[in-house]
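give me the fold of what follows.
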Amino acid sequence: MRIEDLTVGVGHNESSVLQSSRAPATIGAATRSQLSSSINRRSGLSSPLPRWLELGQQIQGEPSDLVVQSVGLDGSEPTLALPYLETAFRNPTTWDEPRAFEENVFGTDSAATMEEPLPCLTSDPAFQPHLLSLYFEYVQPRLPMFRRPQFEHDLAAGRVFVGLLNAMLAISFRYLSRQDLSRFLVDKTPTSSDYADRARAQLDAVLSQRGATSLDIVRTACLLAVFDYFSCPNPRSWMSVSTAIRLAIMTKLHQTDSPGVATGLSDASKEDCRYLWWTIWKLDTTISSISMTSFAIDGACIGVAVPTSNVEDYTNDMVQPSALYFLETESSKCWRAFQDMQSKSLDHAFNMHLAAVLFLRGVSQCQQRLQTRPSPGLVGEMMSMKNAFSCIRLALPSEFWNGSKSIDEDDYSHRNRLETLIMLYTGHLIINEPPYEQNVENLCISQDEFIASWQNSILHAEELAGVLRHWVPEYFARADPGICSALWHAACALSLYKMAGTNKHDPFLAARVESSLDLLCVSLEKFAKTWGIGRTLQDSLKTLQSWAWLPLETSRLPKVILEFRKAINPLAQSPGSVDVSLLCAASVPSTESNLEE
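Residues are numbered from 1 along each chain as shown. Okay, the predicted model is just below:
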């Protein structure tokens, strides 16, 4: 059974490169009359049998265990919904793998009965299947967590945790088109938060009942962290990322390929663990880099190989035996990952992006340490990261750095390559920004050195903006929302550069900076239509640019730049807001006097 088979009357065109497998799974034998009588008996309704039962697929198990009624969020009368969704809340995912590993990694009991059904937001039974279809089109390519045929098989058999379903529906809700909204939500105007709140309550209920967990529990926590943080970055959403990480460690996902841990597990199930782990690792890197806070995952303790199968093959359950290639634990040697993965034919989009994130992670970690306790050793480490970027340039083919889409490149691969370039340029931008205040003992740099370093960083902000010249509008909805912070960072750097007046004697440079700013601002505005974090950062950038008239003194800029690296401060009363007092403190003395008057 495929999700498309369950979508009644929805003519949605999946343009994503990830297409579902066309080998539907047969899942048992149950007669039409048995199911029909069960539906009528359980719901008390005489509604006609849902159309999906007429598609030649049949359900395994007793009908009375497969069909229940759903209740509206507002307490409305029960309505008949699709059986495969209604039974999913009865049991979370279980795995047909050796029990020893399940007890060791996923817990001794992967069952959690949830009596609370999925919210019924519309009377159209095709609504929730349509949301799941949107999930696999828009979300799965960037957050690969499922082998789609296996997921649909488990879904039909009632082995998917209902909290996970609600989390998936919460994220995919934002991709409903206007036509979808007018068709499905005529009488009610719910939001994706309805699904997220339900998923959060169901996850909390499971975690409070038992200590053991499962892959579906970890997936639920990860999706909720993505939904919460990128919808409304605040202290609670920041903490939700930590929950997902702790659950992943609890299940020993970080030791998937360590000796003796996953003995007997199939290649496909190991690939499940790898994709889930690296998705959470990327989330930790993104959130910690945005907020300039410590990383929750120690890279030296990761025993997980990179995925061997690309995202398309993995999604379609065409998994290859693992090549068991591990990322470098030393960020300054991350260029080796780019080189090795090309030679081992592991250079698919997801893995190349992982290597870029490793570089950004190393740069961000080094900058955080320099800001906290600067030392000559850390300055040397930052120099090593600069050298790493030069090695990455040499390790990757020249066509990789060309943002244009090649003839044999599909949209998915092109977008991921552009995102990878943005990550690399962001890291190089941070490397060349002044890493510490100039009055630190034994770490002073001259004014000329400061200006030279800063001008280098501006060049990389322009390079980052140049990637957007090859971006297409369809990419905004499908891209990693964490890209917003990279665009914001580059835009802030260019705005401060203008305010310092460094380019006022070079009209050509001033025009270049202005053009780059336009690209970044337009792109951030497009991201803001899908994700709340885009709106937050867009508002803060507008606040900064409203002070563009304020001339800044170059010698006072290091502290301002350090603060503006922190796109979202989770401890601030208003995360993402611009501290105007810092700008005033960095203004030229004459301007300060005028302001005081």
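
average pLDDT for the helix or strand hosting R246?
R246 belongs to helix 235-250 when elements are defined using DSSP states H and E. For helix 235-250, mean pLDDT is 90.

now do whichever helix or strand comes after it: which elements does it pack against?
Next along the chain after helix 235-250, taking DSSP H and E as the criterion, comes helix 267-291. Counting by 3 or more CB pairs under 8 Å, 6 or more residues apart in numbering; DSSP states H and E, the packing neighbours recorded for helix 267-291 are helix 215-231, helix 235-250, helix 349-372, helix 483-499. (Each C-beta comes from the backbone N, C-alpha and C, glycine too.)

look at A528 and say how many residues are nearby.
A528: 18 surrounding residues under other CB atoms under 10 Å.

also S208?
Neighbours of S208 (other CB under 10 Å): 7.

and if you look at F326?
13.

hang on, it in a helix?
No: counting by DSSP: H, G, I helix; E, B strand; the rest coil, F326 is not part of a helix but coil.

how far away is it from V304?
Using CB to CB, to the nearest Å, one obtains 8 Å as the distance from F326 to V304.

shared neighbours of those two, anything?
Residues touching both F326 and V304 (CB atoms under 8 Å, 6 or more residues apart in numbering) are D257.

run the chain-centre distance for stretch 198-211.
22 Å (CA atoms, centre = their mean, to the nearest Å).

now stretch 512-525
Centroid separation between stretch 512-525 and its chain, computed with CA atoms, centre = their mean, is 23 Å.

stretch 258-277 too?
With CA atoms, centre = their mean, you get 22 Å for stretch 258-277.

for that stretch, output the C-alpha coordinates as PDB.
C-alpha atoms of stretch 258-277 as PDB (Å, rounded to 0.1, in the frame of the first residue of the first chain):
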ATOM      1  CA  SER A 258      30.900   0.400  17.100                       C
ATOM      2  CA  PRO A 259      32.100  -3.100  17.600                       C
ATOM      3  CA  GLY A 260      29.500  -5.400  19.200                       C
ATOM      4  CA  VAL A 261      26.600  -2.900  19.400                       C
ATOM      5  CA  ALA A 262      24.600  -3.600  16.300                       C
ATOM      6  CA  THR A 263      25.400  -7.300  15.700                       C
ATOM      7  CA  GLY A 264      22.900  -9.000  13.600                       C
ATOM      8  CA  LEU A 265      21.100  -5.800  12.500                       C
ATOM      9  CA  SER A 266      20.300  -5.700   8.800                       C
ATOM     10  CA  ASP A 267      22.000  -3.200   6.500                       C
ATOM     11  CA  ALA A 268      18.700  -1.400   6.000                       C
ATOM     12  CA  SER A 269      18.100  -1.000   9.700                       C
ATOM     13  CA  LYS A 270      21.600   0.200  10.300                       C
ATOM     14  CA  GLU A 271      21.100   2.800   7.600                       C
ATOM     15  CA  ASP A 272      18.000   3.900   9.400                       C
ATOM     16  CA  CYS A 273      20.200   4.500  12.500                       C
ATOM     17  CA  ARG A 274      22.800   6.300  10.500                       C
ATOM     18  CA  TYR A 275      20.500   8.700   8.800                       C
ATOM     19  CA  LEU A 276      18.700   9.500  12.000                       C
ATOM     20  CA  TRP A 277      21.900  10.100  13.900                       C
END
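
now W488. Nearest residue, chain neighbours left out?
L537 (4.1 Å; CB to CB, 6 or more residues apart in numbering).

helix or strand: which one has the one you found?
helix 532-545.

so which bits of that helix are buried?
Neighbour counts over helix 532-545 (16 or more other CB atoms under 10 Å) mark G532, I533, G534, R535, T536, L537, Q538, S540, L541, L544, Q545 as buried.

and the angle from that helix to helix 483-499?
0 degrees (axes from the mean of the first three to the mean of the last three CA atoms, to 10 degrees).

which helices and strands sit right next to the very next helix or strand once past helix 532-545?
Downstream of helix 532-545, the next assigned helix or strand under DSSP H and E is helix 557-564. Applying 3+ CB pairs under 8 Å, 6+ apart, one finds that helix 557-564 makes contact with helix 447-467, helix 483-499, helix 580-585.

give the next helix or strand downstream of the first one.
I take that to be helix 447-467. Using DSSP H and E, the helix or strand that follows helix 447-467 in sequence is helix 475-478.

next: the second one.
Sequence-wise, the next helix or strand downstream of helix 483-499 (DSSP H and E) is helix 507-528.

picking up where we left off before, and the buried residues of helix 532-545 as TSV, adding pLDDT and distance to S364?
Below are the buried residues of helix 532-545 laid out as TSV (pLDDT from 0 to 100; distance: CB to CB, whole Å):
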residue	pLDDT	distance to S364
G532	87	23
I533	88	17
G534	88	20
R535	90	24
T536	87	20
L537	88	17
Q538	89	22
S540	85	19
L541	87	20
L544	84	21
Q545	83	25
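
chain neighbours aside, what residue packs nearest to W335?
C391 (3.6 Å).

ok so that neighbour is a helix residue?
Yes: assessed with three-state DSSP, C391 lies in a helix.

how near is it to V306?
As defined by CB to CB, C391 lies at a distance of 19 Å from V306.

quick one, which of the two is more surrounded?
Under the criterion of other CB under 10 Å, the comparison of C391 against V306 puts V306 first, with 24 against 16.

any regions of the chain where pLDDT drops low?
Within the chain, the stretches with pLDDT under 70 are 1-124, 185-190, 210-212, 435-447, 502-504, 571-597.

show me what contacts the residue nearest the centre of the chain?
In the chain, the centroid-proximal residue (CA atoms, centre = their mean) is D480; its distance is 5.3 Å. D480 sits next to R142, T286, E419 when contact means CB under 8 Å, 6+ apart.

what about L176, neighbour count?
By the criterion of other CB under 10 Å, L176 has 18 neighbours.

kindly provide the distance from it to R183.
From L176 to R183 the distance is 9 Å (CB to CB).

how many residues are close by S193?
S193: 15 neighbours (other CB under 10 Å).

which residue packs closest to it, ignoring adjacent ones?
Per CB to CB, 6+ apart, closest to S193 is A170, 7.3 Å.

correct me if wrong, but that neighbour is in a strand.
No: read with three-state DSSP, A170 is helix and lies in no strand.

I figured it hits A199, correct?
Yes: the criterion here is CB atoms under 8 Å, and A170 meets it with A199 at 6.2 Å.

where do the contact lists of the two overlap?
Contacts common to A170 and A199, judged by CB under 8 Å, 6+ apart, are L223, L224.

T191: neighbour count?
12.

contact partners for the closest residue in space to it that isn't next to it in sequence?
Take T191 and drop its neighbours on the chain: the residue closest to it by CB to CB, 6+ apart is F173, 7.3 Å away. Residues near F173 by CB under 8 Å, 6+ apart: L131, T191, S192, Y195.

just curious, which of those is nearest to R246?
Y195 (23.3 Å; CB to CB).

look up how far K526 lies from R478.
Distance from R478 to K526, by CB to CB: 12 Å.

typed the wrong thing, it's R373
Noted for R373: a distance of 39 Å to K526, by CB to CB.

those two: which is more packed in?
When R373 and K526 are compared for neighbours, K526 comes out ahead with 20 against 9, by other CB under 10 Å.

the more buried one touches F476, doesn't it?
Yes: contact criterion CB under 8 Å: K526 and F476 qualify, at 4.5 Å.
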